[in-house]
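Engineer: Task: produce atomic coordinates for the following.
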Amino acid sequence: MRVFHDLDMVEQLGSGMRRILRTYSENSFSFTDNFMRTYFYFDEKDVDRINDRINENNTLNLSDKELVVFNEIKRNPPVRVPELIEYTGFSEATINRALKTLRETGLIVRVGAKKNGHWELAISNLQ
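Structural biologist: Residues are numbered from 1 along each chain as shown. Predicted structure coming up:
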């Protein structure tokens with residue numbers, strides 16, 4: 001898509017969109033006047049496999065504190081930072097560092113506002 005290249009949002013033009021369009025059905029996309037939303041569907045078995053790798057093997061080398069925060073988010077997706085502080089006993093700075101790591105590794109995504117939003121488990125960066 002040339003517009004992304006012109007806006008310096010991609011390094012070069014390639015075949016990424018063609019591959020996505022070949023792989024996913026039409027119901028994976030919704031369009032408005034100004035936006036395109038893509039839904040990447042996956043099998044529920046993948047979630048269990050990912051959770052097993054995170055919880056049992058800790059293959060992502062998460063710290064103990066990051067793993068505690070991740071497990072609390074998994075148990076209670078609407079949890080906010082003050083509640084994480086209360087539940088874990090960690091400082092606000094420790095919670096924020098753990099959340100940053102979990103977001104950067106692609107394990108969690110915040111949906112909505114800080115006050116009314118919730119966390120969702122993501123599956124990027126896991127095979």
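Engineer: give me the low-pLDDT residue ranges for this structure?
Structural biologist: 1-20, 40-60, 123-127 (pLDDT under 70).
Engineer: Kindly recompute the last result at 50.
Structural biologist: Applying pLDDT under 50 to the chain flags residues 57-58, 124-127.
Engineer: mind listing the strands for it?
Structural biologist: 29-31, 36-38, 108-111, 118-121 (DSSP state E).
Engineer: Okay, buried residues for the first one please.
Structural biologist: Right, strand 29-31. Residues of strand 29-31 include none that count as buried (16 or more other C-beta atoms under 10 Å). (Each C-beta comes from the backbone N, C-alpha and C, glycine too.)
Engineer: domains for this structure, by residue range?
Structural biologist: 2-38, 44-121 (automatic domain parsing).
Engineer: Present the strands of the chain as CSV; the columns should include distance to F70.
Structural biologist: Shown next, in CSV, are the strands of the chain (distance: least, C-beta to C-beta, whole Å):
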stretch, distance to F70
strand 29-31, 30
strand 36-38, 25
strand 108-111, 7
strand 118-121, 9
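Engineer: And for stretch 63-76, what's in contact with it?
Structural biologist: Stretch 63-76 is contacted by residues 51, 54-55, 58, 62, 79, 83-84, 87-88, 90, 94-95, 98-99, 101-102, 107-108, 119, 121 when judged by C-beta atoms under 8 Å, 6 or more residues apart in numbering.
Engineer: could you dump it to PDB, C-alpha only?
Structural biologist: The C-alpha trace of stretch 63-76 is given here as PDB (Å, rounded to 0.1, in the frame of the first residue of the first chain):
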ATOM      1  CA  SER A  63      11.100 -12.200  35.600                       C
ATOM      2  CA  ASP A  64       9.200 -13.600  38.600                       C
ATOM      3  CA  LYS A  65       7.500 -10.200  39.100                       C
ATOM      4  CA  GLU A  66       6.500  -9.900  35.400                       C
ATOM      5  CA  LEU A  67       5.100 -13.400  35.600                       C
ATOM      6  CA  VAL A  68       3.000 -12.500  38.700                       C
ATOM      7  CA  VAL A  69       1.700  -9.400  36.900                       C
ATOM      8  CA  PHE A  70       0.900 -11.400  33.700                       C
ATOM      9  CA  ASN A  71      -0.900 -14.100  35.600                       C
ATOM     10  CA  GLU A  72      -3.000 -11.500  37.500                       C
ATOM     11  CA  ILE A  73      -3.900  -9.800  34.100                       C
ATOM     12  CA  LYS A  74      -4.900 -13.300  32.700                       C
ATOM     13  CA  ARG A  75      -7.000 -13.900  35.800                       C
ATOM     14  CA  ASN A  76      -8.600 -10.400  35.900                       C
END
